[in-house]
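[1] Here is a sequence together with a model predicted from it:
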Amino acid sequence: MNLSKCIDAIIEAPIVTSFTRVGYESRKRLDEWTPLEEYDLEGKVMVLTGATSGLGRAAANQLARCGASLVLVGRNSDRNESVVAEMIEATGNRAISQVAADLGHFDQVRALAAAVLSEHDRLDVLIHNAGALTSERRDAPDGTEATVASQVVGPFLLTSMLLDRLADSAPSRVLTMSSGGMYTAGLTVSKLEMPAHEYKGTEQYARAKRAQVTLNEMWAERFGHLGIHFHALHPGWADTPGVDDALPGFSKIMGPLLRTADQGADTLVWLASDAAALESNGLFWHDRRPRGTHKVPATRRSDTTERREQLWSSVSETAGHAPSLTDRKGSK
């Protein structure tokens, strides 16, 4: 192990140093990161969900400054239009548009995919960033628990429907913003959706994020040969409106150590921009380095081949769309 990897491992071991701005600042200096503003993304078409606030908006701002053509996705059309106008004014990049869609509403996901396919003849990067943590169970229109619908099934459906365009634009990228919270959850299918009587928002969120990371690996295994590079990542602990709303106590206590939204979005923008993302597939990243997906034996034991297959089948069935292994244009 070289010195850089050794120091990084020391930072990674205690979660507090790794997930806070301490880890970000230390690794930025340690690895002499390429500044994000040096990337030229002109001509690259990118779709970014959850783009109107927090990490998504921070990422969109930076991608816009680098010249990318952006499709911003948020649930409210008026809010989306306001963000687009503000972003164009701030960056001078006029190649920014929006589509209103709730990722937990599968008809809206299908309409989103249709709009992207109609308006863009290529798709270089698809970024799944939309996410929220709620204290009480809410259901999507089809009855699926809302966190699972919007953060697991909806992204799966959107990726499936845009798979052809991503393949035709290869080398392309599909990036999923997960959470370090997934380290606390094992892989489950039968208990992926928590019932109302025992619902805990943080646990439901962690289960969904674990499923996201597992599916990212499976997408890479099944469709990486098409020239699509699938990567998941976590941002560490960042000071965003979502964290303030969902975990006010945590936000207050950790405030001085929390990352800024720009710092939390750094690796997402880097993965969307740097050639390093095209050198591997199916990895889980934090602070521009691949990381393990398990920190304790219990979650590792839950991650079985049988359970992975069950997850893929279950999500495909709920989404109503299963991309074919033999014909990417087909569905089973």
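    Perfect, thanks for sending it.

[2] which stretches of this structure have low pLDDT?
    Across the chain, the ranges flagged by pLDDT under 70 are 1, 240-255, 324-332.

[3] residue boundaries of the strands in it?
    Assigned by DSSP state E, the strands in the chain fall at 45-49, 69-74, 96-100, 125-128, 172-177, 228-233, 283-286, 289-291.

[4] Relative to Arg79, how far out is the nearest residue to His234 once chain neighbours are set aside?
    Nearest residue to His234 in three dimensions, chain neighbours excluded: Gly180, at 4.5 Å (Cβ to Cβ, 6 or more residues apart in numbering). C-betas here are computed from N, CA, C, even on glycine. With distances taken as Cβ to Cβ, to the nearest Å, Gly180 is found 28 Å from Arg79.

[5] before we move on, what about Ala211?
    Taking Cβ to Cβ, one finds Ala211 at 28 Å from Arg79.

[6] Which one of the two is surrounded by more residues?
    Each of Ala211 and Arg79 has its neighbours counted (other Cβ atoms under 10 Å); Ala211 has more, 25 against 14.

[7] Is there a neighbour count for the residue nearest to the more buried one when sequence neighbours are not counted? I'd like the number.
    Sequence neighbours aside, Val152 is the residue nearest to Ala211 in space, at 4.9 Å (criterion: Cβ to Cβ, 6+ apart). By other Cβ under 10 Å, the residues close to Val152 number 30.

[8] Leu278: what's it in contact with?
    By Cβ atoms under 8 Å, 6 or more residues apart in numbering, the residues touching Leu278 are 171, 173, 229.

[9] could you redo the last one with a cut-off of 6 Å?
    For Leu278, the contact set (Cβ atoms under 6 Å, 6 or more residues apart in numbering) comprises 171, 229.

[10] Thr293 versus that one, what's the distance?
    Leu278 sits 21 Å away from Thr293, going by Cβ to Cβ.

[11] Would you map the helices across the stretch 51-200 of the chain?
    Along the stretch 51-200 of the chain, the segments classed as helices by DSSP state H, counting those that start in this stretch run 54-65, 77-91, 106-119, 146-148, 154-161, 163-168.

[12] Nearest to Thr260 among those helices would be which one?
    Among the helices of the stretch 51-200 of the chain, the nearest to Thr260 by Cβ to Cβ is helix 54-65 (7.9 Å).

[13] what helices or strands is that closest one leaning on?
    Judged by 3 or more Cβ pairs under 6 Å, 6 or more residues apart in numbering; DSSP states H and E, helix 54-65 is in contact with strand 69-74, helix 77-91, helix 261-273.

[14] 8 Å instead?
    strand 45-49, strand 69-74, helix 77-91, helix 261-273 (3 or more Cβ pairs under 8 Å, 6 or more residues apart in numbering; DSSP states H and E).
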